[in-house]
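>>> After the sequence you'll find the predicted model.
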Amino acid sequence: MTVFASHPLALEWAGRVLSTLVALALLADGAKILFWRTSALAELAAAGFSGSAETPLGIITLACAVLYAVPQTAVLGAILVTGFLGGAICTHFRLGNRISPPQIISLVLGLMAWGGLYLRNGDLRNLLPFVS
């Protein structure tokens, strides 16, 4: 018997809340990159990206958020979100930043993405059970 088997509905709702927070954060970031170009350009330039990377990064961010938010594609979305956030962490390491706020936020969002998916997806909980 798994630790989580006793309250599956509560787990599902907790997972939905976590997943919604992740999707909203990614949607906000993608919208910022695409629609508030001046602040996004400054941040991307500071991270070593050219201005031409702005639109593709915004579209990728929004696509990851949508794929993660849709239940039928949530696992693929979580994989893509993890890769995207891992790239952000590596970018800051490359710039010489160690344990910077963007890296911590990316790490926490990645953990929340998988935690939310784990809590809302019974198949994933069965695949990776935590036993008591």
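Sure, I can see it.

>>> chain center to the longest helix along the chain, what's the gap?
As assigned by DSSP state H, the longest helix anywhere in the chain is helix 8-35. Relative to its chain's centre, helix 8-35 lies at 8 Å (Cα atoms, centre = their mean, to the nearest Å).

>>> Distance check, the residue lying closest to R94 once chain neighbours are set aside against V17.
Leaving out its chain neighbours, the residue that sits closest to R94 by Cβ to Cβ, 6 or more residues apart in numbering is G48, at 7.4 Å. Backbone N, C-alpha and C define where each C-beta goes, glycine included. As judged by Cβ to Cβ, to the nearest Å, G48 and V17 stand 35 Å apart.

>>> More neighbours: these two, which one.
Remark: of G48 and V17, V17 carries more neighbours, 14 against 11, as counted by other Cβ atoms under 10 Å.

>>> Distance-wise, check that one relative to L109.
Per Cβ to Cβ, V17 is found 14 Å from L109.

>>> Can you report how many residues lie near F84?
F84: 20 surrounding residues under other Cβ under 10 Å.

>>> circling back to that earlier point, confirm the residue nearest to R94 sits in a helix?
No - G48 is assigned coil when assessed by DSSP: H, G, I helix; E, B strand; the rest coil, not a helix.

>>> my guess is it contacts G96, does it?
No - if you go by Cβ atoms under 8 Å, G48 and G96 don't touch, sitting 10.9 Å apart.

>>> Quick one: list the elements packing against the helix or strand where E54 lies.
Per DSSP states H and E: E54 is located in helix 54-69. Packed against helix 54-69, as judged by 3 or more Cβ pairs under 8 Å, 6 or more residues apart in numbering; DSSP states H and E, are the following elements: helix 8-35, helix 37-46, helix 74-94.

>>> could you redo the last one with a cut-off of 6 Å?
Helix 54-69 sits against helix 8-35, helix 74-94, with contacts defined as 3 or more Cβ pairs under 6 Å, 6 or more residues apart in numbering; DSSP states H and E.
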